[in-house]
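J.: okay, predicted coordinates and the sequence, questions at the end:
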Amino acid sequence: MLYNLFIILIIILIMQKKTPLNRQIVLEWFEQPHLEFAETLLKNDQFTFSKLPTQEEILQILCSVEKAYNSKRGAWTPCQDKFLNLTVLGTCLKHLMKPIELSSQQWEQISRLFRFHNWKACRNRWLEECHKKANWTPQEDKVLTQLQQFKPNKWCEIAIDLMRICKTPYIRQGKQCRDRWVNKLDPNIVNIPWTKEEELQLFREIELRGKKWAEISLKVFQLRRTENTIKNRYYNLLKQAETKMKFGRITKEQKNKALVDSVIKQLETSANYQPKLEETEEQEAKNYKLDQFNPTYLEDYEDIVVLVNKKLIKLNDQV
């Protein structure tokens, strides 16, 4: 009984944030703000406030957050979005920094005021509104490659450092950095045409694992084929097969299975007609027999060798 109570207590402690909602911390951010800097922030960044909130407005936001503190776990609510705007604005005023300049440690401090959201979730939620697509520059590619070496796969931190170093006027999210590296910059990537053996292996792995592109890229192709390349190759082959087949009234699942079976059968047939290099060499070695040579002519030729079972052997050792 005591053991069960202890386990329940541990679970409750894990679920709770390390720092409860502290009104005083939030209010202190707005006590003596730098007015000129605050005006610039509200004008140039994506805040929902048109002017600095008053103490009454801040307390009203805090009350609404506290009322919904235990509801809708994991989901962003309108009051949480407003509170996030408030905390980001307050943190920027405290440190005299723009939102895109905030470090992972500062986002961590912001997230401690949210019960069910970590710093990555808070940062990504804030950046959603001011995110826009922009082509990658050579400088960004170079910096991203260097950051990946220093902070392997820590994509949110890499995104923060990337924007600081390159001083981009737009937002780069961790997912963008990961996709750029995985699909374009990773030196393991190969761009040679697909072989029939690779295509057959791809379809067999998808039947085994499902459409887990990242897992197949890593564990099957050792990142030589990117996630996008794998996915595109799979659907392109299905589309080619569909143009050659006619379907009656069947379900989408039945149609997909028929297409997959057709592609696998075609690839297996094509692969069987391509002799492997090792088998060809072995067959050629069997075509030559030592008794075809006259030993009397080989006494002065100590360096003549033949290929036997994939090994080079001197003729004089065999005669």
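T.: Received, thanks. Numbers count the residues shown, from 1 in each chain.

J.: now find how far off-centre the helix or strand hosting Val26 is within its chain.
T.: If you go by DSSP states H and E, Val26 is part of helix 23-29. Relative to its chain's centre, helix 23-29 lies at 37 Å (C-alpha atoms, centre = their mean, to the nearest Å).

J.: just stretch 156-175 next, same as before
T.: 16 Å.

J.: name the residues that touch the helix holding Val26?
T.: Gln55, Ile58, Leu59, Leu62, Leu86, Thr87, Leu89, Gly90, Thr91, Leu93, Lys94, Leu113 (C-beta atoms under 8 Å, 6 or more residues apart in numbering). For every residue, glycine as well, the C-beta is placed using N, CA and C.

J.: just for the chain, where's the confidence low?
T.: 1-21, 68-74, 128-133, 271-319 (pLDDT under 70).

J.: so it: which segments form each domain?
T.: 17-128, 138-185, 196-272, 277-317 (automatic domain parsing).

J.: now render those domains as CSV, adding mean neighbour count.
T.: Putting the domains of the chain into CSV (neighbours: other C-beta atoms under 10 Å) gives the following:
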stretch, mean neighbour count
domain 17-128, 16
domain 138-185, 17
domain 196-272, 15
domain 277-317, 11
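
J.: OK, contacts around Ser111?
T.: So Ser111 contacts His117, Asn118, Trp119, Ala121, Cys122 (C-beta under 8 Å, 6+ apart).

J.: how near is the nearest residue to the fourth one once chain neighbours are set aside to Ile216?
T.: Translated: Ala121. Of all residues not flanking Ala121 in the chain, Ser111 sits nearest, at 7.2 Å (C-beta to C-beta, 6 or more residues apart in numbering). Going from Ser111 to Ile216 by C-beta to C-beta, to the nearest Å gives 33 Å.

J.: then Trp119?
T.: Taken as C-beta to C-beta, the span from Trp119 to Ile216 is 31 Å.

J.: and of the contacts of Ser111, the nearest to Cys166?
T.: Trp119 (21.8 Å; C-beta to C-beta).

J.: thought that closest one was touching Ile110?
T.: Yes - using C-beta atoms under 8 Å, Trp119 is in contact with Ile110, at 6.9 Å.

J.: what ranges do the strands span in this structure?
T.: 305-308, 311-314 (DSSP state E).

J.: re the thing from before, which of the contacts of Ser111 sits closest to Ile158?
T.: Trp119 (14.5 Å).

J.: that closest one and Leu35, how far apart?
T.: Trp119 is 29 Å from Leu35, by C-beta to C-beta.

J.: Leu162 now?
T.: Leu162 is 31 Å from Leu35, by C-beta to C-beta.

J.: now swap in Leu218 and tell me
T.: Distance from Leu218 to Leu35, by C-beta to C-beta: 52 Å.

J.: same check on Leu223?
T.: Leu223 is 52 Å from Leu35, by C-beta to C-beta.

J.: and if you look at Ile110?
T.: In terms of C-beta to C-beta, Ile110 sits 22 Å off from Leu35.

J.: what do you get for Ile165?
T.: 30 Å.

J.: any idea which helix is longest in the protein?
T.: helix 252-272 (DSSP state H).

J.: contacts for that helix, please.
T.: By C-beta under 8 Å, 6+ apart, helix 252-272 touches 196-197, 199-200, 203-204, 206-207, 237-238, 241-242, 244-245, 247, 250.

J.: between which two of these is the distance greatest?
T.: Glu197 and Ile250, at 30.4 Å, using C-beta to C-beta across the contacts of helix 252-272.
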